[in-house]
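# return a 3D structure for these sequence lines:
(2 chains)
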Amino acid sequence: MLKILGGLMVILSTSAMGYLYSFGYKERVRQIRELQFCINSLSSEILYSSNPLWVALNNVSKNCSSPFKELFSKTSNYLKEKKLESIGECFNLAFSECKQNLYLEKEDVEILNTFIQGLGSSDFEGHKKNFNIVLKKLEGIEKEAEVTKEKNEKLYKYLGVLGGLLIVIILV
Amino acid sequence: MNTYEKEKVIQTFKKDIFPILTERIREPIIKMKNFGFYEIEEIRLRANKPLMLYKNNQGFFLDEKGEIKSENGLIVTKDDIEKTYLLMCDYSLYTMEEDIKQGFLTLKGGHRVGIAGKVVSEGGKIKTIKNISCLNIRIAKEVKGCALNLAKSIYKDGIKHTLIVSPPGCGKTTILRDLVRLLSNGIKEIELSGKKVTVVDERSEIASCYLGVPQNDVGIRTDVLDGCPKVDGLMMAVRTMSPDVIAVDEIGSIKDAEAIMDAINTGVKVISTVHGKDLDDVLKRRGIKLLFENECIDVVVFLSNRNGPGTIENIIKIN
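Next comes the predicted model:
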(Lines give C-alpha, C1' and ligand atoms only; values in the text may rest on other atoms or scores of the structure.)
Protein backbone atom coordinates (compact mmCIF):
# COMPACT_ATOMS: atom_id res chain seq x y z
CA MET A 1 0.00 0.00 0.00
CA LEU A 2 2.72 2.39 1.06
CA LYS A 3 4.65 1.56 -2.10
CA ILE A 4 1.74 2.43 -4.34
CA LEU A 5 1.19 5.70 -2.52
CA GLY A 6 4.88 6.58 -2.78
CA GLY A 7 4.97 5.65 -6.45
CA LEU A 8 1.92 7.79 -7.14
CA MET A 9 3.52 10.72 -5.41
CA VAL A 10 6.69 10.39 -7.47
CA ILE A 11 4.72 10.19 -10.72
CA LEU A 12 2.54 13.14 -9.74
CA SER A 13 5.46 15.37 -8.87
CA THR A 14 7.50 14.56 -11.97
CA SER A 15 4.47 15.14 -14.22
CA ALA A 16 3.85 18.44 -12.48
CA MET A 17 7.44 19.38 -13.23
CA GLY A 18 6.97 18.40 -16.85
CA TYR A 19 3.80 20.45 -17.10
CA LEU A 20 5.45 23.47 -15.55
CA TYR A 21 8.35 23.23 -17.92
CA SER A 22 6.11 22.96 -20.95
CA PHE A 23 4.02 25.89 -19.64
CA GLY A 24 7.08 28.07 -20.03
CA TYR A 25 7.14 27.43 -23.76
CA LYS A 26 3.46 28.13 -24.17
CA GLU A 27 3.62 31.24 -22.05
CA ARG A 28 6.58 32.62 -23.98
CA VAL A 29 4.59 32.53 -27.22
CA ARG A 30 1.64 34.21 -25.54
CA GLN A 31 3.85 36.91 -24.03
CA ILE A 32 5.58 37.64 -27.32
CA ARG A 33 2.16 38.09 -28.94
CA GLU A 34 1.02 40.30 -26.09
CA LEU A 35 4.18 42.35 -26.41
CA GLN A 36 3.52 42.88 -30.11
CA PHE A 37 0.04 44.10 -29.24
CA CYS A 38 1.47 46.47 -26.61
CA ILE A 39 4.06 47.89 -28.97
CA ASN A 40 1.41 48.41 -31.62
CA SER A 41 -0.77 50.40 -29.28
CA LEU A 42 2.27 52.28 -28.00
CA SER A 43 3.07 53.27 -31.56
CA SER A 44 -0.36 54.81 -32.07
CA GLU A 45 -0.13 56.53 -28.68
CA ILE A 46 3.14 58.13 -29.74
CA LEU A 47 2.76 58.65 -33.48
CA TYR A 48 -0.88 59.66 -33.55
CA SER A 49 -1.67 61.16 -30.14
CA SER A 50 1.86 62.47 -29.57
CA ASN A 51 1.63 61.70 -25.87
CA PRO A 52 4.73 61.92 -23.69
CA LEU A 53 6.20 58.53 -23.01
CA TRP A 54 4.87 58.11 -19.49
CA VAL A 55 1.31 58.92 -20.55
CA ALA A 56 1.62 56.62 -23.54
CA LEU A 57 2.94 53.73 -21.46
CA ASN A 58 0.28 54.28 -18.84
CA ASN A 59 -2.47 54.15 -21.47
CA VAL A 60 -0.98 51.02 -22.98
CA SER A 61 -0.76 49.32 -19.59
CA LYS A 62 -4.48 49.85 -19.07
CA ASN A 63 -5.33 47.73 -22.09
CA CYS A 64 -2.88 44.87 -21.82
CA SER A 65 -2.66 41.84 -19.59
CA SER A 66 -0.14 40.67 -17.04
CA PRO A 67 2.88 40.73 -16.85
CA PHE A 68 3.24 43.69 -19.25
CA LYS A 69 0.52 45.56 -17.43
CA GLU A 70 2.74 45.76 -14.35
CA LEU A 71 5.93 46.26 -16.33
CA PHE A 72 4.60 49.22 -18.30
CA SER A 73 2.70 50.86 -15.49
CA LYS A 74 5.79 50.66 -13.28
CA THR A 75 8.00 52.10 -16.01
CA SER A 76 5.45 54.84 -16.59
CA ASN A 77 5.44 55.71 -12.90
CA TYR A 78 9.20 55.92 -12.70
CA LEU A 79 9.27 58.15 -15.77
CA LYS A 80 6.55 60.35 -14.34
CA GLU A 81 8.41 60.75 -11.06
CA LYS A 82 11.65 61.28 -13.02
CA LYS A 83 13.17 58.77 -10.65
CA LEU A 84 16.18 57.98 -12.81
CA GLU A 85 18.00 59.93 -15.43
CA SER A 86 17.25 57.87 -18.52
CA ILE A 87 14.47 55.80 -20.01
CA GLY A 88 16.68 52.73 -20.09
CA GLU A 89 17.38 52.95 -16.36
CA CYS A 90 13.71 53.40 -15.48
CA PHE A 91 12.78 50.46 -17.65
CA ASN A 92 15.49 48.22 -16.22
CA LEU A 93 14.36 48.96 -12.69
CA ALA A 94 10.76 48.07 -13.54
CA PHE A 95 11.97 45.04 -15.47
CA SER A 96 13.94 43.66 -12.55
CA GLU A 97 10.86 44.00 -10.37
CA CYS A 98 8.63 42.10 -12.81
CA LYS A 99 11.21 39.56 -13.85
CA GLN A 100 9.68 36.52 -12.16
CA ASN A 101 6.53 36.72 -14.26
CA LEU A 102 8.27 37.13 -17.57
CA TYR A 103 8.87 34.00 -19.59
CA LEU A 104 11.07 35.70 -22.14
CA GLU A 105 14.36 34.35 -23.43
CA LYS A 106 17.54 36.39 -23.38
CA GLU A 107 17.23 37.35 -27.05
CA ASP A 108 13.65 38.57 -26.54
CA VAL A 109 14.76 40.76 -23.67
CA GLU A 110 17.59 42.15 -25.77
CA ILE A 111 15.18 43.15 -28.52
CA LEU A 112 12.90 44.82 -26.00
CA ASN A 113 15.86 46.62 -24.46
CA THR A 114 17.18 48.03 -27.72
CA PHE A 115 13.67 49.15 -28.55
CA ILE A 116 13.24 50.96 -25.23
CA GLN A 117 16.65 52.64 -25.56
CA GLY A 118 15.57 54.03 -28.91
CA LEU A 119 12.44 55.65 -27.51
CA GLY A 120 12.12 59.30 -26.69
CA SER A 121 15.28 60.75 -28.08
CA SER A 122 14.33 60.97 -31.74
CA ASP A 123 11.59 62.52 -33.85
CA PHE A 124 8.51 60.83 -35.30
CA GLU A 125 10.40 59.42 -38.25
CA GLY A 126 12.92 57.80 -35.95
CA HIS A 127 10.15 56.34 -33.86
CA LYS A 128 8.37 54.95 -36.88
CA LYS A 129 11.54 53.13 -37.88
CA ASN A 130 12.10 51.89 -34.35
CA PHE A 131 8.57 50.51 -34.18
CA ASN A 132 8.85 48.82 -37.56
CA ILE A 133 12.12 47.17 -36.65
CA VAL A 134 11.00 45.87 -33.28
CA LEU A 135 7.71 44.52 -34.65
CA LYS A 136 9.49 42.73 -37.47
CA LYS A 137 11.97 41.22 -35.06
CA LEU A 138 9.22 40.12 -32.69
CA GLU A 139 7.32 38.53 -35.56
CA GLY A 140 10.36 36.45 -36.42
CA ILE A 141 10.85 35.48 -32.81
CA GLU A 142 7.21 34.58 -32.41
CA LYS A 143 7.46 32.10 -35.28
CA GLU A 144 10.59 30.60 -33.84
CA ALA A 145 9.03 30.37 -30.37
CA GLU A 146 5.99 28.69 -31.89
CA VAL A 147 8.21 26.01 -33.45
CA THR A 148 10.10 25.38 -30.21
CA LYS A 149 6.81 25.25 -28.37
CA GLU A 150 5.40 22.63 -30.78
CA LYS A 151 8.55 20.60 -30.37
CA ASN A 152 8.99 20.84 -26.66
CA GLU A 153 5.61 21.31 -25.06
CA LYS A 154 4.42 17.73 -25.53
CA LEU A 155 7.92 16.36 -25.04
CA TYR A 156 8.24 17.77 -21.54
CA LYS A 157 4.74 16.76 -20.56
CA TYR A 158 5.39 13.13 -21.60
CA LEU A 159 8.88 13.25 -20.20
CA GLY A 160 7.47 14.22 -16.81
CA VAL A 161 4.94 11.42 -16.67
CA LEU A 162 7.21 8.78 -18.18
CA GLY A 163 10.20 9.86 -16.10
CA GLY A 164 8.10 9.37 -12.99
CA LEU A 165 7.01 5.94 -14.19
CA LEU A 166 10.63 5.01 -14.88
CA ILE A 167 11.76 5.98 -11.39
CA VAL A 168 8.89 4.01 -9.87
CA ILE A 169 9.66 0.92 -11.98
CA ILE A 170 13.36 1.04 -11.12
CA LEU A 171 12.66 1.51 -7.41
CA VAL A 172 10.04 -1.23 -7.30
CA MET B 1 7.54 89.22 -1.56
CA ASN B 2 4.98 88.19 1.02
CA THR B 3 5.08 84.79 2.68
CA TYR B 4 2.19 83.33 0.74
CA GLU B 5 3.86 84.04 -2.57
CA LYS B 6 7.19 82.79 -1.26
CA GLU B 7 5.59 79.50 -0.18
CA LYS B 8 4.00 79.20 -3.58
CA VAL B 9 7.21 79.85 -5.47
CA ILE B 10 9.03 77.31 -3.29
CA GLN B 11 6.37 74.77 -4.19
CA THR B 12 6.76 75.66 -7.86
CA PHE B 13 10.49 75.04 -7.64
CA LYS B 14 10.01 71.72 -5.90
CA LYS B 15 7.36 70.55 -8.32
CA ASP B 16 8.59 71.85 -11.67
CA ILE B 17 12.22 72.89 -11.52
CA PHE B 18 14.16 70.55 -9.24
CA PRO B 19 13.01 67.28 -10.84
CA ILE B 20 14.46 68.32 -14.19
CA LEU B 21 17.91 69.27 -12.91
CA THR B 22 20.68 66.76 -12.36
CA GLU B 23 21.76 66.13 -8.80
CA ARG B 24 25.05 67.99 -9.26
CA ILE B 25 23.23 71.18 -10.07
CA ARG B 26 20.16 70.71 -7.92
CA GLU B 27 21.94 70.26 -4.59
CA PRO B 28 23.92 73.55 -4.57
CA ILE B 29 20.80 75.50 -5.54
CA ILE B 30 18.82 73.98 -2.68
CA LYS B 31 21.66 74.66 -0.25
CA MET B 32 22.17 78.22 -1.46
CA LYS B 33 23.03 80.52 1.42
CA ASN B 34 23.06 84.19 0.47
CA PHE B 35 19.46 84.30 -0.74
CA GLY B 36 16.64 81.80 -1.06
CA PHE B 37 16.33 79.86 -4.30
CA TYR B 38 12.79 81.20 -4.66
CA GLU B 39 14.24 84.55 -5.67
CA ILE B 40 15.92 83.15 -8.76
CA GLU B 41 14.50 84.37 -12.04
CA GLU B 42 16.73 82.54 -14.47
CA ILE B 43 18.95 79.49 -14.38
CA ARG B 44 21.49 79.29 -17.16
CA LEU B 45 23.34 76.13 -18.09
CA ARG B 46 26.14 76.27 -20.63
CA ALA B 47 28.33 73.31 -21.52
CA ASN B 48 31.73 73.48 -19.79
CA LYS B 49 30.95 76.92 -18.38
CA PRO B 50 29.95 77.83 -14.83
CA LEU B 51 26.36 77.59 -13.71
CA MET B 52 24.71 81.01 -13.59
CA LEU B 53 21.73 82.19 -11.63
CA TYR B 54 19.96 85.46 -12.24
CA LYS B 55 18.17 87.56 -9.69
CA ASN B 56 16.95 91.07 -10.51
CA ASN B 57 18.77 90.84 -13.83
CA GLN B 58 22.08 90.27 -12.06
CA GLY B 59 24.10 87.12 -12.57
CA PHE B 60 25.65 84.97 -9.85
CA PHE B 61 27.95 81.95 -9.85
CA LEU B 62 27.52 79.12 -7.41
CA ASP B 63 29.99 76.56 -6.10
CA GLU B 64 29.34 72.95 -5.05
CA LYS B 65 28.53 73.91 -1.47
CA GLY B 66 25.93 76.48 -2.44
CA GLU B 67 28.18 79.47 -1.80
CA ILE B 68 27.80 82.52 -4.07
CA LYS B 69 31.03 83.23 -5.94
CA SER B 70 32.14 86.11 -8.10
CA GLU B 71 34.08 83.67 -10.28
CA ASN B 72 35.02 79.99 -10.58
CA GLY B 73 31.63 78.52 -9.90
CA LEU B 74 30.37 75.00 -10.44
CA ILE B 75 31.08 73.94 -14.01
CA VAL B 76 28.16 72.51 -15.97
CA THR B 77 29.12 69.48 -18.04
CA LYS B 78 27.77 68.39 -21.40
CA ASP B 79 26.33 65.37 -19.65
CA ASP B 80 24.36 67.58 -17.23
CA ILE B 81 22.86 69.45 -20.14
CA GLU B 82 21.92 66.34 -22.07
CA LYS B 83 20.26 64.73 -19.07
CA THR B 84 18.46 67.91 -18.11
CA TYR B 85 17.26 68.32 -21.67
CA LEU B 86 15.82 64.81 -21.75
CA LEU B 87 14.15 65.24 -18.36
CA MET B 88 12.63 68.54 -19.49
CA CYS B 89 10.96 66.80 -22.40
CA ASP B 90 9.54 64.09 -20.11
CA TYR B 91 11.98 61.75 -21.89
CA SER B 92 9.93 62.35 -25.04
CA LEU B 93 11.65 64.67 -27.49
CA TYR B 94 9.09 63.92 -30.19
CA THR B 95 6.33 65.73 -28.29
CA MET B 96 8.40 68.91 -28.38
CA GLU B 97 9.42 68.74 -32.04
CA GLU B 98 7.56 71.91 -33.06
CA ASP B 99 8.72 73.86 -30.02
CA ILE B 100 12.33 72.83 -30.47
CA LYS B 101 12.24 74.17 -34.02
CA GLN B 102 11.41 77.57 -32.54
CA GLY B 103 14.20 77.31 -30.02
CA PHE B 104 12.35 76.83 -26.77
CA LEU B 105 10.50 74.37 -24.59
CA THR B 106 7.73 74.98 -22.12
CA LEU B 107 7.91 73.01 -18.91
CA LYS B 108 5.04 71.88 -16.78
CA GLY B 109 4.08 74.99 -14.85
CA GLY B 110 4.70 77.32 -17.80
CA HIS B 111 8.41 77.89 -17.31
CA ARG B 112 10.09 78.62 -20.58
CA VAL B 113 13.43 77.14 -21.49
CA GLY B 114 15.44 78.68 -24.30
CA ILE B 115 17.72 76.23 -26.08
CA ALA B 116 20.77 76.77 -28.22
CA GLY B 117 23.01 74.35 -29.99
CA LYS B 118 23.72 73.10 -33.48
CA VAL B 119 20.79 74.01 -35.68
CA VAL B 120 19.97 71.50 -38.40
CA SER B 121 18.18 73.08 -41.31
CA GLU B 122 16.82 71.69 -44.53
CA GLY B 123 15.74 73.79 -47.49
CA GLY B 124 16.01 77.01 -45.47
CA LYS B 125 13.75 75.70 -42.70
CA ILE B 126 14.91 74.66 -39.27
CA LYS B 127 14.51 70.93 -38.86
CA THR B 128 15.73 70.51 -35.32
CA ILE B 129 18.39 71.64 -32.87
CA LYS B 130 20.94 69.05 -31.88
CA ASN B 131 24.03 69.01 -29.65
CA ILE B 132 22.28 71.30 -27.21
CA SER B 133 24.90 73.28 -25.32
CA CYS B 134 22.98 76.11 -23.67
CA LEU B 135 19.78 76.02 -21.68
CA ASN B 136 18.15 79.08 -20.18
CA ILE B 137 15.43 78.22 -17.69
CA ARG B 138 13.13 81.15 -16.96
CA ILE B 139 11.03 80.65 -13.90
CA ALA B 140 7.44 81.69 -14.46
CA LYS B 141 5.80 83.21 -11.43
CA GLU B 142 2.07 83.56 -11.40
CA VAL B 143 1.22 86.82 -9.67
CA LYS B 144 -2.50 86.99 -9.10
CA GLY B 145 -3.92 90.47 -8.91
CA CYS B 146 -0.93 92.21 -10.46
CA ALA B 147 -3.05 93.64 -13.26
CA LEU B 148 -6.03 94.68 -11.16
CA ASN B 149 -5.18 98.38 -10.99
CA LEU B 150 -4.30 98.40 -14.66
CA ALA B 151 -7.55 96.71 -15.59
CA LYS B 152 -9.52 99.13 -13.44
CA SER B 153 -8.01 102.12 -15.14
CA ILE B 154 -8.20 101.01 -18.76
CA TYR B 155 -11.42 99.01 -18.78
CA LYS B 156 -13.68 101.27 -16.73
CA ASP B 157 -15.58 102.23 -19.89
CA GLY B 158 -15.65 98.72 -21.28
CA ILE B 159 -13.07 96.39 -22.72
CA LYS B 160 -10.70 97.83 -25.30
CA HIS B 161 -8.26 96.40 -27.81
CA THR B 162 -5.08 96.39 -25.77
CA LEU B 163 -1.43 96.05 -26.66
CA ILE B 164 1.10 95.36 -23.90
CA VAL B 165 4.64 96.42 -24.79
CA SER B 166 7.80 95.59 -22.89
CA PRO B 167 11.34 94.29 -23.25
CA PRO B 168 11.84 90.59 -22.37
CA GLY B 169 11.62 89.66 -18.72
CA CYS B 170 9.47 92.57 -17.60
CA GLY B 171 6.32 90.63 -16.87
CA LYS B 172 4.40 90.91 -20.12
CA THR B 173 3.02 87.43 -19.99
CA THR B 174 2.29 87.64 -16.28
CA ILE B 175 0.28 90.83 -16.78
CA LEU B 176 -1.55 89.33 -19.76
CA ARG B 177 -2.41 86.20 -17.77
CA ASP B 178 -3.81 88.26 -14.93
CA LEU B 179 -5.81 90.47 -17.31
CA VAL B 180 -7.31 87.33 -18.82
CA ARG B 181 -8.20 86.01 -15.39
CA LEU B 182 -9.79 89.30 -14.34
CA LEU B 183 -11.83 89.72 -17.52
CA SER B 184 -12.94 86.11 -17.37
CA ASN B 185 -14.03 86.28 -13.74
CA GLY B 186 -15.36 89.83 -14.03
CA ILE B 187 -14.25 92.88 -12.04
CA LYS B 188 -16.76 93.94 -9.42
CA GLU B 189 -15.15 97.31 -8.66
CA ILE B 190 -15.86 98.66 -12.13
CA GLU B 191 -19.00 96.59 -12.67
CA LEU B 192 -17.52 94.56 -15.44
CA SER B 193 -19.26 91.24 -15.78
CA GLY B 194 -17.27 88.13 -16.67
CA LYS B 195 -16.55 87.71 -20.37
CA LYS B 196 -15.91 84.64 -22.49
CA VAL B 197 -12.20 84.66 -23.15
CA THR B 198 -10.27 82.48 -25.57
CA VAL B 199 -6.53 82.28 -25.09
CA VAL B 200 -4.47 81.35 -28.13
CA ASP B 201 -1.50 80.02 -26.22
CA GLU B 202 1.04 79.16 -28.87
CA ARG B 203 3.92 78.71 -26.44
CA SER B 204 1.88 77.30 -23.56
CA GLU B 205 3.03 80.16 -21.37
CA ILE B 206 -0.17 81.97 -20.52
CA ALA B 207 -2.24 79.11 -19.17
CA SER B 208 0.66 76.62 -18.89
CA CYS B 209 -1.41 73.68 -19.95
CA TYR B 210 -0.13 70.29 -18.98
CA LEU B 211 -1.78 67.51 -20.96
CA GLY B 212 -4.38 70.03 -22.06
CA VAL B 213 -5.46 71.33 -18.64
CA PRO B 214 -4.50 74.88 -17.59
CA GLN B 215 -2.12 74.86 -14.62
CA ASN B 216 -2.40 78.57 -14.03
CA ASP B 217 -5.57 80.29 -12.96
CA VAL B 218 -6.89 81.93 -16.12
CA GLY B 219 -10.45 82.45 -14.93
CA ILE B 220 -13.70 80.52 -15.10
CA ARG B 221 -14.86 81.64 -18.55
CA THR B 222 -11.60 80.99 -20.33
CA ASP B 223 -10.99 78.48 -23.11
CA VAL B 224 -7.44 77.70 -24.05
CA LEU B 225 -6.14 76.64 -27.45
CA ASP B 226 -2.91 75.19 -26.21
CA GLY B 227 0.10 75.06 -28.51
CA CYS B 228 -1.98 76.49 -31.35
CA PRO B 229 -0.31 78.67 -34.01
CA LYS B 230 -1.54 82.25 -33.56
CA VAL B 231 -2.91 82.84 -37.04
CA ASP B 232 -4.92 79.61 -37.18
CA GLY B 233 -5.87 79.94 -33.53
CA LEU B 234 -7.40 83.37 -33.97
CA MET B 235 -9.64 82.08 -36.76
CA MET B 236 -10.50 78.91 -34.88
CA ALA B 237 -11.41 80.87 -31.78
CA VAL B 238 -13.73 83.22 -33.66
CA ARG B 239 -15.42 80.42 -35.58
CA THR B 240 -15.93 77.91 -32.84
CA MET B 241 -15.71 79.39 -29.38
CA SER B 242 -17.74 82.63 -29.81
CA PRO B 243 -15.48 84.60 -27.46
CA ASP B 244 -15.89 88.18 -26.28
CA VAL B 245 -12.16 88.58 -25.84
CA ILE B 246 -9.19 86.85 -27.45
CA ALA B 247 -5.75 86.97 -25.85
CA VAL B 248 -2.53 86.28 -27.76
CA ASP B 249 1.09 86.55 -26.73
CA GLU B 250 3.97 88.02 -28.72
CA ILE B 251 2.55 89.19 -32.00
CA GLY B 252 4.54 91.09 -34.62
CA SER B 253 4.33 89.73 -38.14
CA ILE B 254 2.05 90.96 -40.89
CA LYS B 255 0.21 87.64 -40.83
CA ASP B 256 -0.49 88.01 -37.11
CA ALA B 257 -1.82 91.50 -37.73
CA GLU B 258 -4.07 90.35 -40.57
CA ALA B 259 -5.49 87.56 -38.45
CA ILE B 260 -6.15 89.99 -35.61
CA MET B 261 -7.88 92.42 -37.98
CA ASP B 262 -10.09 89.62 -39.26
CA ALA B 263 -10.98 88.67 -35.72
CA ILE B 264 -11.72 92.27 -34.76
CA ASN B 265 -14.09 92.57 -37.70
CA THR B 266 -16.26 89.91 -36.10
CA GLY B 267 -16.66 92.04 -33.01
CA VAL B 268 -14.30 90.50 -30.50
CA LYS B 269 -11.80 92.45 -28.44
CA VAL B 270 -8.17 91.47 -28.74
CA ILE B 271 -5.53 91.73 -26.04
CA SER B 272 -2.01 91.10 -27.24
CA THR B 273 1.61 91.61 -26.26
CA VAL B 274 4.73 92.54 -28.18
CA HIS B 275 8.43 92.89 -27.43
CA GLY B 276 9.68 96.45 -27.49
CA LYS B 277 10.68 99.44 -25.40
CA ASP B 278 8.65 102.36 -26.62
CA LEU B 279 6.17 103.35 -29.28
CA ASP B 280 8.84 104.07 -31.92
CA ASP B 281 10.28 100.65 -31.26
CA VAL B 282 7.08 98.74 -31.87
CA LEU B 283 6.04 100.86 -34.82
CA LYS B 284 9.09 99.54 -36.62
CA ARG B 285 7.34 96.20 -36.70
CA ARG B 286 5.26 96.06 -39.83
CA GLY B 287 2.49 94.04 -38.27
CA ILE B 288 2.06 96.44 -35.37
CA LYS B 289 2.15 99.43 -37.68
CA LEU B 290 -0.62 97.86 -39.74
CA LEU B 291 -2.71 97.37 -36.60
CA PHE B 292 -2.25 101.03 -35.61
CA GLU B 293 -3.14 102.23 -39.10
CA ASN B 294 -6.36 100.23 -39.04
CA GLU B 295 -7.30 101.43 -35.56
CA CYS B 296 -7.12 97.95 -34.14
CA ILE B 297 -5.44 99.14 -30.95
CA ASP B 298 -7.16 101.38 -28.41
CA VAL B 299 -4.80 101.22 -25.46
CA VAL B 300 -1.05 100.65 -25.32
CA VAL B 301 0.54 99.70 -22.01
CA PHE B 302 4.31 99.98 -21.55
CA LEU B 303 6.04 97.88 -18.94
CA SER B 304 9.57 98.02 -17.58
CA ASN B 305 11.79 96.45 -14.97
CA ARG B 306 12.47 99.65 -13.10
CA ASN B 307 10.73 98.81 -9.83
CA GLY B 308 10.80 95.06 -10.36
CA PRO B 309 9.10 93.21 -13.20
CA GLY B 310 5.69 94.49 -14.17
CA THR B 311 6.31 98.20 -13.50
CA ILE B 312 3.82 100.16 -15.60
CA GLU B 313 5.73 102.95 -17.31
CA ASN B 314 3.07 104.51 -19.41
CA ILE B 315 -0.44 104.02 -20.70
CA ILE B 316 -1.39 105.57 -24.01
CA LYS B 317 -5.06 105.76 -24.87
CA ILE B 318 -5.53 106.11 -28.60
CA ASN B 319 -9.27 106.05 -29.04
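# how close does B:Lys196 sit to chain A?
Counting by CB to the nearest CB, to the nearest Å, the gap from B:Lys196 to chain A is 28 Å. Yep, even glycine has a C-beta here, placed from its N, CA and C like the rest.
# scratch that, B:Lys127
Distance from B:Lys127 to chain A, by CB to the nearest CB: 9 Å.
# that residue: neighbouring residues, count only.
Look at B:Lys127: counted by other CB atoms under 10 Å in any protein chain shown, it has 14 neighbours.
# mind listing what's buried in the one helix or strand B:Leu163 maps to?
Applying DSSP states H and E as the criterion places B:Leu163 in strand B:162-166. For strand B:162-166, the neighbour count (16 or more other CB atoms under 10 Å in any protein chain shown) marks B:162-166 as buried.
# B:Lys55: what's it in contact with?
B:35, B:39-41 (CB atoms under 8 Å, 6 or more residues apart in numbering or on different chains).
# most surrounded residue in the residues you listed?
B:Ile40 (20 neighbours).
# wait, what's in contact with the closest residue to that one other than its chain neighbours?
Spatial nearest neighbour of B:Ile40, excluding adjacent residues (CB to CB, 6 or more residues apart in numbering or on different chains): B:Leu53 at 5.1 Å. By CB under 8 Å, 6+ apart, B:Leu53 lies in contact with B:29, B:40, B:42-44, B:59-62.
# in the stretch 201-319 of chain B, which residue sits nearest chain A?
Closest to chain A within the stretch 201-319 of chain B is B:Leu211: 6.7 Å, counting by CB to the nearest CB.
# you'd agree B:Ala140 is in a strand?
No: using DSSP: H, G, I helix; E, B strand; the rest coil, the assignment for B:Ala140 is coil, not a strand.
# surely it meets B:Glu205?
Yes: the criterion here is CB atoms under 8 Å, and B:Ala140 meets it with B:Glu205 at 6.9 Å.
# shared neighbours of the two, anything?
Common contact partners of B:Ala140 and B:Glu205 (CB under 8 Å, 6+ apart): B:110, B:112, B:173.
# how close does the last one sit to chain A?
In this structure, B:Thr173 and chain A are separated by 23 Å, where distance is defined by CB to the nearest CB.
# can you check B:Ala47 too?
17 Å.
# ok, now which ones touch that residue?
B:76-78, B:81, B:133-134.
# mind checking pLDDT for it?
What the model reports as pLDDT for B:Ala47 is 90.
# neighbours of the nearest residue to B:Gly219 once chain neighbours are set aside, how many?
Nearest non-adjacent residue to B:Gly219, counting by CB to CB, 6+ apart: B:Ser184, 2.5 Å away. B:Ser184 has 23 neighbouring residues, counting by other CB under 10 Å.
# elements contacting the helix or strand hosting B:Ile316?
Using DSSP H and E, B:Ile316 sits in strand B:311-317. With contacts taken as 3 or more CB pairs under 8 Å, 6 or more residues apart in numbering or on different chains; DSSP states H and E, strand B:311-317 sits against helix B:148-154, strand B:299-304.
# among the shared contacts of B:Ala140 and B:Glu205, show me the least confident.
Among the shared contacts of B:Ala140 and B:Glu205, pLDDT bottoms out at B:Gly110, giving 79.
# did I read that right, that residue in a strand?
No: counting by three-state DSSP, B:Gly110 is located in no strand; its state is coil.
# give me the number of residues near it?
28.
# before we move on, what's the pLDDT of the residue of chain A found nearest chain B?
Relative to chain B, the nearest point of chain A is A:Pro52 (3.9 Å; CB to the nearest CB). Looking at A:Pro52, its pLDDT stands at 87.
# one step back: out of the buried residues of strand B:162-166, who's nearest B:Ile318?
B:Leu163 (9.4 Å; CB to CB).
# quick one: the helices in the chain, in order.
Answering for chain A, as no chain was given. In chain A, the segments counted as helices under DSSP state H are A:2-47, A:53-63, A:68-81, A:87-98, A:106-117, A:124-171.
# nope, chain B
Using DSSP H, helices in chain B cover B:3-12, B:23-31, B:78-88, B:97-101, B:148-154, B:172-185, B:230-236, B:254-265, B:279-283, B:286-293.
# counting contacts, what elements does the third one pack onto?
In this case it means helix B:78-88. Helices and strands touching helix B:78-88, by 3+ CB pairs under 8 Å, 6+ apart, are helix B:23-31, strand B:42-46, strand B:125-138.
# check which helices and strands the second one sits against.
What it means is strand B:42-46. Using 3+ CB pairs under 8 Å, 6+ apart, strand B:42-46 sits against strand B:52-55, helix B:78-88, strand B:125-138.
# can you put the ones you listed in JSON lines and add distance to B:Lys195 and mean pLDDT?
Putting the helices and strands packed on strand B:42-46 into JSON lines (distance: least, CB to CB, whole Å; pLDDT from 0 to 100) gives the following:
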{"stretch": "strand B:52-55", "distance to B:Lys195": "36", "mean pLDDT": "86"}
{"stretch": "helix B:78-88", "distance to B:Lys195": "35", "mean pLDDT": "88"}
{"stretch": "strand B:125-138", "distance to B:Lys195": "29", "mean pLDDT": "87"}
